[in-house]
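In: what's the 3D shape of this:
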Amino acid sequence: MLQPLIDRSPVRRRVSLVYRLPAQAALIRQTSLLADWTIATPAVIQVMMAQDTRRGALMLHHLKQGYTGVILHLDLEWAAYGWLRRPYDPPPPHLPQGYGPESAQWIFNCRTREPFRNRGLYKETLYLLAGLAWETPGAAPLYIDTHPANVPSRRAIHSVGFEPSGVLTNWIVGLPGIRWWRWAFYQPQRPHPRL
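Out: I've put the predicted structure just below:
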């Protein structure tokens, strides 16, 4: 007996809350730098991610795509990191090709290592990436997105000055080993759930 095609075709749906930093003037650092930081380079990634080769390989892939990364660290131990998609780079990995304006900038793939959480490092990462995004006058709009249930991330995003800018639903549908399709549906006026 043949199984229905849908049983063999996984469908993944990801809903993200989208935020936009409205203007360069809104970016005012309200905390001091809590760790040293560096721009991600192949050499830095090899040293910082020596114990986590999978994460290091992903970061090297981000560099090959043209993304800009920052790594916050204490000595040679990484504490947090984040990535910035500049205008006309490929879209962040979680967004489908052709989604959104090519001139937009997007912060993505931010992580804080477990022992360093609740110290404000995620917020520092956002400040650093936003500062890099706006190095030149008249820079492109800056966006970030997060899962609705990630309340700590949402609070940090708000505290840096980002404002709600709709909801993004991203689908990935595929036939394993054959082909994957990705598409997104953006609702710019859809409100965010309350914190």
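
In: from now on I want contacts and neighbour counts done on CA atoms only, so please keep to that.
Out: Will do.

In: who's in contact with the residue nearest the centre of the chain?
Out: The structure's the chain has its C-alpha centroid closest to residue 108; by CA atoms, centre = their mean the separation is 0.9 Å. Applying CA atoms under 8 Å, 6 or more residues apart in numbering to residue 108 gives the contacts 82-85, 92, 144-145.

In: for residue 71, state which of the residues you listed is nearest.
Out: Of all the contacts of residue 108, residue 82 has the smallest distance to residue 71: 6.9 Å, by CA to CA.

In: wasn't residue 55 part of a strand?
Out: No. The assignment for residue 55 is helix, going by DSSP: H, G, I helix; E, B strand; the rest coil, so no strand is present there.

In: for it, what are its contacts?
Out: For residue 55, the contact set (CA under 8 Å, 6+ apart) comprises residue 49.

In: ok, now residue 20?
Out: So residue 20 contacts 141-144, 162-165 (CA under 8 Å, 6+ apart).

In: burial check on the closest residue to residue 75 other than its chain neighbours, number of neighbours?
Out: Nearest in space to residue 75, with sequence neighbours left out and distances taken as CA to CA, 6 or more residues apart in numbering, is residue 36 at 7.9 Å. Residue 36 has 13 neighbours, counted by other CA atoms under 10 Å.

In: surely residue 36 touches residue 70?
Out: No. The pair residue 36 / residue 70 is not scored as a contact, 10.3 Å apart, by CA atoms under 8 Å.

In: circling back: dump the contacts of residue 108 to CSV, plus pLDDT.
Out: Listed next are the contacts of residue 108 as CSV, based on pLDDT from 0 to 100:
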residue, pLDDT
82, 97
83, 98
84, 96
85, 94
92, 87
144, 95
145, 95
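
In: can you put these in a markdown table and add neighbour count and distance to residue 194?
Out: Conversion of the contacts of residue 108 to a markdown table gives the following (neighbours: other CA atoms under 10 Å; distance: CA to CA, whole Å):
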| residue | neighbour count | distance to residue 194 |
| --- | --- | --- |
| 82 | 22 | 25 |
| 83 | 25 | 27 |
| 84 | 27 | 27 |
| 85 | 25 | 28 |
| 92 | 21 | 26 |
| 144 | 22 | 18 |
| 145 | 23 | 16 |
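
In: strands - which of the residues you listed land there?
Out: In strands, judged by DSSP state E, the following of these are found: 82-85, 144-145.

In: columns distance to residue 192 on top of those, output as a markdown table?
Out: Shown next, in a markdown table, are the ones in strands among the contacts of residue 108 (distance: CA to CA, whole Å):
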| residue | distance to residue 192 |
| --- | --- |
| 82 | 23 |
| 83 | 24 |
| 84 | 23 |
| 85 | 23 |
| 144 | 14 |
| 145 | 11 |
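
In: show me which of these is closest to residue 128.
Out: Checking the ones in strands among the contacts of residue 108 one by one against residue 128 (CA to CA), the nearest turns out to be residue 82, at 9.1 Å.

In: I am finished for the moment; much appreciated.
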